[in-house]
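J.: Please work out how this folds:
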Amino acid sequence: MMKQGIFTVTESSPLTEKVSRLVLRGDVSAIERPGQFVQLRLDGLYLRRPFSVCDRAGDSFTILFEAAGKGTRLLRDEKPGAEIDVLTGLGNGFDLFACGDTPLLIGGGTGISPLYWLAKELIREGRRPTALLGFNTAADVFYEEDFRALGIETVVTTANGSRGVKGYVTDAMDRPHSGFYTCGPEDMIKAVCSRSDRPGQLSFDRRMGCGFGACMGCTVKTTNGLKRICKEGPVLDRKEVLWEN
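T.: Model (predicted):
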């Protein structure tokens, strides 16, 4: 159920040159499962900005984001104590029981964000996930130690080989797994699907207008017709997605 509320920034910190972490405190009751997202209203901007929930703990939630446009640059500059209007409880989230006992959690860049809370919940359910985190260079790596602190195997890949496995995150998928959860660029998600025949859950990042299903601007073609990423997603089952050539 979607809720609107005023949240207070309690932490704003850089993780890399481009990526930051923001923690906001308020009514988190509508944030029910990993993979859901929130929408933030920022001063001077007409459209809210969507962000995956990285973690929820107590009365707070965490987002990770790259300062790539006007909205995210404004958000990066928010200081503790600032108040932000937030829509919570958006999207369907991941199915914790869809991908077996030993799933891969495959993230590219800021796409790793929703996989962190997912990892925590899978562990709580007795699963044994492995995290595969893909980046361009060593300078881009973030949240590696956070995943390791959960006690799970964590593999980092970098395109230039400056840290971890050299290559793309799909190059680290050659290991036994019961299924996979993935989030990141769509080309990466498509490549992940081509590398595994196991059950999979795909979290899409599409540009959103309204964020709650009215504008049809974030649709994906599926075997069940067009699905709105903001409403029927952002998580879709791999079996239903119709990839465009």
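
J.: Tell me who's in contact with Thr102.
T.: Counting by CB atoms under 8 Å, 6 or more residues apart in numbering, Thr102 makes contact with Arg127, Arg128, Pro129, Thr130, Pro176, His177, Ser178. In short, each C-beta sits where N, CA and C put it, glycine included.

J.: Now a PyMOL select for only the buried ones of those residues.
T.: Buried residues within the contacts of Thr102, by 16 or more other CB atoms under 10 Å, are selected in PyMOL with:
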select buried, resi 127+129+130+177
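
J.: Taking the contacts of Thr102 together, which two end up most distant?
T.: Using CB to CB, the two most remote members of the contacts of Thr102 are Arg127 and Pro176, lying 14.1 Å apart.

J.: Buried ones in the lengthiest strand in the chain, by neighbour count?
T.: In terms of residue count, the longest strand belonging to the chain (DSSP state E) is strand 3-14. Residues of strand 3-14 classed as buried: Lys3, Phe7, Val9, Thr10, Ser12 (neighbour count, 16+ other CB under 10 Å).

J.: Who are the contact partners of the third one?
T.: Translated: Val9. Val9 neighbours (CB under 8 Å, 6+ apart): Leu22, Val23, Leu24, Glu78, Lys79, Pro80, Gly81, Ala82, Glu83, Ile84.

J.: List the contacts of the nearest residue to Lys3 once chain neighbours are set aside.
T.: Counting by CB to CB, 6 or more residues apart in numbering, Lys3 lies nearest to Ala30, which is 4.1 Å off, once chain neighbours are set aside. By CB under 8 Å, 6+ apart, the contact set of Ala30 is Met1, Met2, Lys3, Thr88, Gly89.

J.: just the buried residues of strand 3-14 now: which is nearest Gln36?
T.: Lys3 (11.6 Å).

J.: So that closest one is in contact with Gly89, correct?
T.: Yes: using CB atoms under 8 Å, Lys3 is in contact with Gly89, at 5.4 Å.

J.: how about the longest helix seen in the chain: buried residues?
T.: In the chain, taking DSSP state H as the definition, the longest helix is helix 113-124. Buried residues in helix 113-124, counted by 16+ other CB under 10 Å: Ser113, Pro114, Leu115, Tyr116, Trp117, Leu118, Ala119, Lys120, Glu121, Leu122.

J.: Which stretches in this protein count as helices?
T.: Going by DSSP H, the chain shows helices at 70-76, 113-124, 144-148, 186-195.

J.: Hmm, Glu244 is touching Thr222, no?
T.: No: with contact defined as CB under 8 Å, Glu244 does not reach Thr222; the gap is 11.9 Å.

J.: Compare these two (neighbour count), which wins?
T.: Thr222 (16 against 7; other CB atoms under 10 Å).
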